[in-house]
Each structure stands twice: as C-alpha cells, then as structure tokens.
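Peer 1: generate a structure from the sequence data that follows.
(one chain, ligands or ions: 1)
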Amino acid sequence: MKNAIGEFPEGFLWGAATAAYQIEGAVTEGGRGKNIWDTFTHTPGAIKNGENGDIACDHYHRWREDIALMQQLNLDAYRFSIAWSRILPQGRGTVNQAGLDFYSRLIDGLLEAGIQPFVTLYHWDLPQALQDEGKGWLRRGIVEDFVQYTDVVTRAFGDRVKHWTTFNEPGVFTWGGYVLGEDAPGWRMQPGAALTALHHVFLAHGASAQVIRENVPQSQVGIVLDINVAEPASEAPEDVAAALRFDGMQNRWFLDALLRGEYPADMVALFGEQMPRIETGDMQRMAVPLDYLGINIYRRSVIAHGDELVPVNYCRVLPPGEHTLMGWEVYPKCIYDILKYVNERYGPPKIYITENGIALPDEVSPDGHVHDERRIAYLRDHLTYLQRAIAEGVPVRGYFVWTLMDNFEWALGFEPRFGLIYVDHQTQQRIMKDSGYFYADIAKKETAVK
Ligand SMILES: N#[N+]C[C@@H]1[C@@H](O)[C@H](O)[C@@H](O)[C@@H]2O[C@H]12
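Peer 2: Take a look at the predicted model:
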C-alpha cells in the first residue's frame, strides 16, 4: 500500500496502543480486584501531582465512543492490555465473569468496526493479592498463576483474538519496580531482585506462549521489548565500555535470553552474585519460538560512564536539540537503527513497532482544535525512517502509535500527553488532534481506482 510516507507492504497494519491501567478507570467496578498500581498511586509522593488512574479516561464506560474514534483514525488494529485483576481479582482461583464480559464486548465491538484486537496479557498491573502473598514476581510460583490467567483469557477470547503479547517491557516494570522505585510496587532493592523478578517473568512468558498455542488455533504470539541502540557519548574507553554494558542490559539480556536461551556472558560476569537462581531447563523454557517481536521505540540512547547505577555504571547523556515533555531527545533515525540492529543480529520472523510517539503539552486552541504540529513532524519523520528499514528488508508488518488518547502516564500522572486524541480529564471530552487527522490519512486504504 502507498501513502504520503511511501510504499508499505500489502497488509501492513496501522494501529494505536493503550494499556488497561492507563485508560480504563472504574477500578472498583465490575468485580475488579486491586492491583499494585492502585496501591502505588495512592501512596503519598509516588505520583506527580498526587494523580491516579481511578478514573483515567473512563474507557471502561466509554469504550464504544473510543472505538468510533478508532474508526475515524482508519485503524487496522488496536493494541490494548487486559487487566489481570479484572479476570482473577485475587490473581488466581475464582474467575470474575463481569471482567470477561467487559473484554468480550470490547473485542466484539472492535471486530464489528473492522479493527483487529492485539491483546497484551501483562502491562504492569499485577493483582495486589499476589504481591502481598510473596513479593509478586520475586516468587517463582507466580509462573503458575500467570499460566492460569493465560488459560482463562485465551479460552474466553481465542476464537476472536489471534495476536497475543505476553508481556510489555519486562525490563521496565522489574527494574523500575524493584530497583529504582519509580514503578509499582515502588521497592528500592538491589539489582539482584530485579534480575530474579525478570527471570520469573521470562519463565512465565515461555509457559504462557505454550498455553496460548494450545488454546488458540492460528495464534500469533510475541513479546514487547523496549530495545534501544547505544551510542557512546565520546570515544573515551570508559564511555565505549559503558555503552556496551548498556547494550548488554537493555538489549542482549532480553534478546539473547528469549531468542537464544542464554544470558549474555559479559553481563553474567558483571552481575556475579546478583544473578538469579537458574534451574535446569529454565533457559530452554523461556526461549520458545516467537511469531513476532514487538519493539517500543521513542528515542536513541547516548551513553557515558556513570558511577550511580552499580554494577552497570552507565548514564544517559541528553544531546542538544529538540526534546519532548519526557525530557527525551527527538531523533527519528533511532527507529531505523534499532530495526537494523535487531534484524541483523537476531532475524525475528516478524516485527511490529508496538509503540512510538511523543509527549507534548497539548492545548485546545480558541478554534476548538489541537494543533500539534510537533507530533505530526515526529510521526512523519519516524515513519519515513521506518519505511526505509522496510525497503531494506526488515520484516516490519505493523506500526502502533503510542497512544490512542491522552492517558495516565504512570509516575508522571496526566501531564505528558501522548495521544492522537486529546482528553479533557475533567469532562472526559475527546477531541481529535491535528495529528489524528494526519494519521488517519496515512492509515486510510487507497480507494480502489474505478
Ligand atoms: N513513558 N512513556 C510512554 C509509554 C508508556 O505510557 C507505556 O505504558 C510503556 O509501555 C512505554 O513507556 C512507554
């Protein structure tokens, strides 16, 4: 198909992405159990401006309106996550039928609108009961809980949902949740805790993939990683070495483990005593074949030696130039660089760009519109580099903007606006931004030439 950016493969999917906790709200409705983000956001000082996702975008009640907006965007696909604690309020055991019913209605609505559902099983919102019972992902037994959750939802929706992502950004929620304290459950522990949690997530991923394939004929199974090419801040040996350690922690730890069944030797040596306990067969259990790799990409990573983050000892350098409301550099070539990096080293069968977008201080102009020219430029420039990577043979089969609508941006609350659709979080009014009209034009199918 051809559009204003250029030529894309036939069947290329134009989508947008969200996550349950960031948009649904209704946290005490429909039998939903408490999760770790409910707890974390109500912890004083944890979230900017003391904000939380109790209401968020009220998507739980407004999903029909939101599907209509997806149709206006000409979306082929919609990536969303299921809240584990809506399905299994205590994390395991009794299934909440009202939770299944909500997602069933959403999936039926998407299909009726001609939009393919791409489901993420876990986008950071662990049932609080599992956290309370045994420190959440630090307990190896959680793998069986995730298997039960996978079994319930794939039996319920596998007749209509074919694309299943097990985890979103496992590195972020383990490192952020168990080391940096920036994400739920907000623990500041040793990197060893994050590595142990991550090992159990990898095991849960492998076990979940098998259940998905057993329950869903013709399923497509993948995982979403935030991979990022590291550039040394200078030619100084300590910066070059720091960039290699960043590449090891940010990229090879995940790609080697999940695609090759081994942790990278240089990082194993670096972590030493902090390595997780690996039981016989673990590495084979996690390295199950994938139908696709999801990549979230926002920026490049310029890395220098740093003394804080022991033992990886790297820090990010922010180059001059345009920056987003997240304090991230705008560097569109990052999408080309990461796709070439992954394809040349790992050669996954299929890749989706599962998140790409920019946080801006969007405002409604007196004319009632949101003139977000910078987001249009960001999307246009990244898509241009994406098209170049595809033209050079990288098997990218779809692109999902982060995000459909302005939502709860975790520890930063509602201030960073990433949406194609503006949301007034007081009134819940939705307004299509100029970038939404731009994206709708990109995504629209060429009208058949009569
Ligand atoms: N920050 N930021 C925006 C975006 C976040 O809102 C998503 O939930 C994550 O998957 C990923 O970090 C990217």
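
Peer 1: now the residue most central in space within the chain, nearest residue through space, not along the chain?
Peer 2: Central residue check for the chain by CA atoms, centre = their mean: the C-alpha nearest the mean position is that of Asn168, 4.2 Å away. Leaving aside its sequence neighbours, Asn168 sits nearest to His123 (CB to CB, 6 or more residues apart in numbering; 4.4 Å). Every C-beta, even on glycine, is put in place using the N, C-alpha and C of the backbone.

Peer 1: wait, that neighbour touches Glu24, no?
Peer 2: No. His123 is beyond contact range of Glu24, at 11.1 Å (criterion: CB atoms under 8 Å).

Peer 1: who's more crowded, these two?
Peer 2: The residue with more neighbours, out of His123 and Glu24, is Glu24; 30 against 24, by other CB atoms under 10 Å.

Peer 1: mind listing what Asp108 touches?
Peer 2: Residues in contact with Asp108, defined by CB atoms under 8 Å, 6 or more residues apart in numbering, are Arg160.

Peer 1: if we go to 10 Å?
Peer 2: Residues counted as contacts of Asp108 (CB atoms under 10 Å, 6 or more residues apart in numbering) are Pro117, Phe157, Arg160.

Peer 1: gap between the second one and Glu29?
Peer 2: Here the distance between Phe157 and Glu29 works out to 20 Å (CB to CB, to the nearest Å).

Peer 1: beta-bridge partners for the closest residue to the ligand within the stretch 201-350 of the chain, please?
Peer 2: Of all residues in the stretch 201-350 of the chain, the one sitting closest to the ligand is Asn296 (5.4 Å; CB to the nearest ligand atom). Beta-bridge pairing of Asn296 under DSSP bridges involves Glu355.

Peer 1: ok, back up a step: list the residues that contact the residue nearest to the centre of the chain.
Peer 2: So Asn168 contacts 17, 19, 79, 81, 120-124, 223-226, 294, 296, 354-355 (CB under 10 Å, 6+ apart).

Peer 1: and Ser208, by the same measure?
Peer 2: Each residue near Ser208 by CB under 10 Å, 6+ apart is listed here: 121-122, 143, 146-147, 149-151, 154, 164-167, 221, 223, 288.

Peer 1: without its sequence neighbours, what residue ends up closest to it?
Peer 2: Thr150 (4.3 Å).

Peer 1: which strand or helix spans the one you found?
Peer 2: helix 142-157 (DSSP states H and E).

Peer 1: could you list every helix and strand that that helix packs against?
Peer 2: Counting contacts by 3 or more CB pairs under 10 Å, 6 or more residues apart in numbering; DSSP states H and E, helix 142-157 is packed against helix 84-87, helix 97-112, strand 116-122, helix 128-134, strand 163-168, helix 191-215.

Peer 1: in TSV: these, plus distance to Met70 and mean pLDDT.
Peer 2: Output for the helices and strands packed on helix 142-157, formatted as TSV (distance: least, CB to CB, whole Å; pLDDT from 0 to 100):
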stretch	distance to Met70	mean pLDDT
helix 84-87	21	98
helix 97-112	8	98
strand 116-122	11	98
helix 128-134	31	93
strand 163-168	16	98
helix 191-215	24	96
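
Peer 1: burial-wise, tell me which of these comes out on top.
Peer 2: Of these, the one with the most neighbours on average (mean count of other CB atoms under 10 Å) is helix 84-87, at a mean of 28.

Peer 1: which residues of this protein lie near the ligand?
Peer 2: Contact residues, the chain versus the ligand (CB under 6 Å from any ligand atom): Ala19, Gln22, Asn168, Glu169, Asn296, Met326, Glu355, Trp402, Glu409, Phe418.

Peer 1: one more time with 5 Å, if that's ok
Peer 2: Proximity of the chain to the ligand (CB under 5 Å from any ligand atom) is limited to residues Ala19.

Peer 1: which regions of the chain sit below the pLDDT cut-off?
Peer 2: Scanning the chain for pLDDT under 70 picks out 447-450.

Peer 1: at 90 what do you get?
Peer 2: When residues are selected by pLDDT under 90, those of the chain lie in 1-5, 134-135, 178-180, 187-192, 217, 307-311, 445-450.

Peer 1: Gly248 against Pro311, yeah?
Peer 2: No. Between Gly248 and Pro311 there is no contact under CB atoms under 10 Å: 11.1 Å.

Peer 1: between the two, which has more neighbouring residues?
Peer 2: A count of neighbours by other CB under 10 Å puts Gly248 above the other of Gly248 and Pro311, at 22 against 12.

Peer 1: ok, and the closest non-adjacent residue to that one?
Peer 2: Distance criterion CB to CB, 6+ apart; nearest residue to Gly248, sequence neighbours excluded, is Met267 at 4.2 Å.

Peer 1: output the contacting helices and strands for whichever strand or helix holds that neighbour.
Peer 2: If you go by DSSP H and E, Met267 is part of helix 265-271. Contacts defined by 3+ CB pairs under 10 Å, 6+ apart place helix 265-271 against helix 191-215, helix 237-247, helix 253-260.

Peer 1: immediately after it, which helix or strand?
Peer 2: helix 282-286.

Peer 1: can you pull the buried residues of that following helix?
Peer 2: Neighbour-count burial for helix 282-286, counted by 16 or more other CB atoms under 10 Å, picks out Asp282, Met283, Arg285, Met286.

Peer 1: and for stretch 305-318?
Peer 2: For stretch 305-318, the neighbour count (16+ other CB under 10 Å) marks His305, Gly306, Leu309, Val312, Asn313, Tyr314, Cys315, Arg316, Val317 as buried.

Peer 1: any shared contact partners between His123 and Glu24?
Peer 2: Both His123 and Glu24 are in contact with Thr18, Phe80, Ser81, Ala83, where contact means CB under 10 Å, 6+ apart.

Peer 1: in ChimeraX, how would I select just the buried ones from the residues you listed?
Peer 2: Filtering the shared contacts of His123 and Glu24 down to the buried ones (16+ other CB under 10 Å) takes a single ChimeraX command:
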select :18,80,81,83
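
Peer 1: Leu244 - how many residues pack around it?
Peer 2: By other CB under 10 Å, 17 other residues sit near Leu244.

Peer 1: which residues of the stretch 301-450 of the chain fall in strands?
Peer 2: 301-305, 314-317, 351-355, 396-402, 421-423, 430-432 (DSSP state E, counting those that start in this stretch).

Peer 1: packing partners of the fourth one?
Peer 2: Yep, that's strand 396-402 we're talking about. If you count contacts as 3+ CB pairs under 10 Å, 6+ apart, strand 396-402 packs onto strand 13-17, strand 77-81, strand 116-122, strand 292-296, helix 334-345, strand 351-355, helix 373-391, helix 434-443.

Peer 1: so which of these is nearest Asn3?
Peer 2: With CB to CB, the closest approach to Asn3 among the helices and strands packed on strand 396-402 belongs to helix 434-443: 5.1 Å.

Peer 1: off-centre distance for that closest one?
Peer 2: Computed by CA atoms, centre = their mean, to the nearest Å, the chain-centroid distance of helix 434-443 equals 22 Å.
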